[in-house]
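Trainee: curious how this folds, go ahead:
(one chain, ligands or ions: 2)
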Amino acid sequence: MLTMKEIVREGHPALREVAKEVDLPLSAENKQILSDMLQFVKNSQDPELSEKYDLRPGVGVAAPQLGLNKRMLAVHFEDLKGQLYSDGYINPKIISHSVEQTYISTGEGCLSVDREVPGIVPRHKRITVKATTLSGEEVTLRLKGYAAVVFQHEIDHLNGIMFYDHINEENPLSPPQNATPCD
Ligand SMILES: O=CN(O)CCNC(=O)c1cccc(Cl)c1Cl
Ligand code: NI
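Mentor: Residues are numbered from 1 along each chain as shown. Ligands and ions are numbered 1, 2, ... in the order given. The predicted model follows:
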């Protein structure tokens, strides 16, 4: 099973690379990797397993965080309306987004960042994502608010972008124009 040992931290080159598209249909190896990633995210939210294996809780993980140059990510979370998002996604692409922005009022965190980085992370309020799921289905996701933020955090990892790259250096805590909090 994946544990924090496999998560690469700031300074590892994989976190600043643009990850390569993954061949479809998924090879057995890539299917196993993505399945393990999804299980890792679920385990990280399980009180017993997270304590037993010292897992930091997360709502998603991207392959570059395992040092893998592959455009794959896994998420497991409920949005604020209780809608469950729990799957692995391959070659996700944001095909459109709103002008309006949103942000999580308490900022963001990252398993690859072993420190608190305070600040508002401006994100698109709505995004449309095309991807292939772990089961091989091509999907189009229309995401808004918290779900849109999580997917943008993960897709950023596939493009070598860290959440704090978006924080305004002069006024890290000032909400951006044309933005409303999603929480
Ligand atoms: O890339 C994934 N991680 O680093 C997992 C740890 N971070 C989180 O769960 C997290 C926390 C707050 C806001 C967002 Cl958007 C996310 Cl994603
Ligand atoms: Ni992260």
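Trainee: C-alpha from now on. contacts and neighbour counts both.
Mentor: Fine.
Trainee: give me the nearest residue to the residue sitting nearest the centre point of the chain, chain neighbours excluded.
Mentor: Compute the mean C-alpha point of the chain, and by Cα atoms, centre = their mean the closest residue is residue 154, 2.3 Å away. Of all residues not flanking residue 154 in the chain, residue 62 sits nearest, at 5.8 Å (Cα to Cα, 6 or more residues apart in numbering).
Trainee: show me what that neighbour is bridged to.
Mentor: Beta bridges link residue 62 to residue 73, judged by DSSP bridges.
Trainee: run through the residues that contact it.
Mentor: 37, 71-74, 154-155, 157-158 (Cα atoms under 8 Å, 6 or more residues apart in numbering).
Trainee: next: residue 65.
Mentor: So residue 65 contacts 7-9, 14-15, 112, 157 (Cα under 8 Å, 6+ apart).
Trainee: give me the mean pLDDT for the longest strand seen in the chain.
Mentor: Longest strand in the chain by number of residues (criterion: DSSP state E): strand 84-97. Average pLDDT, strand 84-97: 98.
Trainee: got it, and stretch 167-180?
Mentor: The model assigns stretch 167-180 a mean pLDDT of 95.
Trainee: ok, is it in contact with ligand 1 or not?
Mentor: No. Using Cα under 6 Å from any ligand atom, stretch 167-180 stays clear of ligand 1, coming no nearer than 13.1 Å.
Trainee: over to stretch 27-34?
Mentor: No. Residues of stretch 27-34 contacting ligand 1 under Cα under 6 Å from any ligand atom: none, with a closest distance of 14.0 Å.
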